[in-house]
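Q: Predicted structure and sequence below. I'll ask about it afterward.
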Amino acid sequence: MLELLMKYSGITAIIVYSLILFLILKFRKPEQSQEEEQEKESEPSYAGESVSPLDPGDEDAVVACLIASIECHNETRKNVRVVSVREVR
């Protein structure tokens, strides 16, 4: 029996270590970074807002919205959705 244990001790140790590592990784609660938590908190809710569609006849407004959404996407590297449009003077 001792001879058999000595012969396969390396394989047994690897299996035991792998099992322990698997159990640790399975039951460990993943921690969220502070950046992810801030992104979740800062996401606005559009459920209660009424969205007015953009007038397709106003070509300048359409172009302005497209350029603004492209610039926002380039800065944040996230998908962008135009929610509402209004003229600022």
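A: Alright, I've got the coordinates. Residues are numbered from 1 along each chain as shown.
Q: count of residues packed around Val85?
A: Per other Cβ atoms under 10 Å, the neighbour tally for Val85 reads 16. Any C-beta I mention is one placed from the backbone N, CA and C, and that applies to glycine too.
Q: Let me know whether it touches Leu66 as I believe.
A: No. Val85 lies out of contact with Leu66 (Cβ atoms under 8 Å); the separation is 11.0 Å.
Q: any chance you could map the helices in this structure?
A: Assigned by DSSP state H, the helices in the chain fall at 2-7, 9-27, 34-42, 59-76.
Q: gap between the nearest residue to Asn79 once chain neighbours are set aside and Val83?
A: Here the nearest residue to Asn79 in space, its sequence neighbours aside, is His73; by Cβ to Cβ, 6 or more residues apart in numbering that works out to 7.2 Å. For His73, the distance to Val83 equals 14 Å [Cβ to Cβ, to the nearest Å].
Q: again, but for Gly10
A: Taken as Cβ to Cβ, the span from Gly10 to Val83 is 61 Å.
Q: Can I get the helices of the chain in CSV including mean pLDDT and mean neighbour count?
A: Converted to CSV, those look like this (pLDDT from 0 to 100; neighbours: other Cβ atoms under 10 Å):
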stretch, mean pLDDT, mean neighbour count
helix 2-7, 72, 8
helix 9-27, 87, 10
helix 34-42, 61, 9
helix 59-76, 88, 12
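Q: which parts of stretch 74-89 are buried?
A: For stretch 74-89, burial by neighbour count (16 or more other Cβ atoms under 10 Å) applies to Val85.
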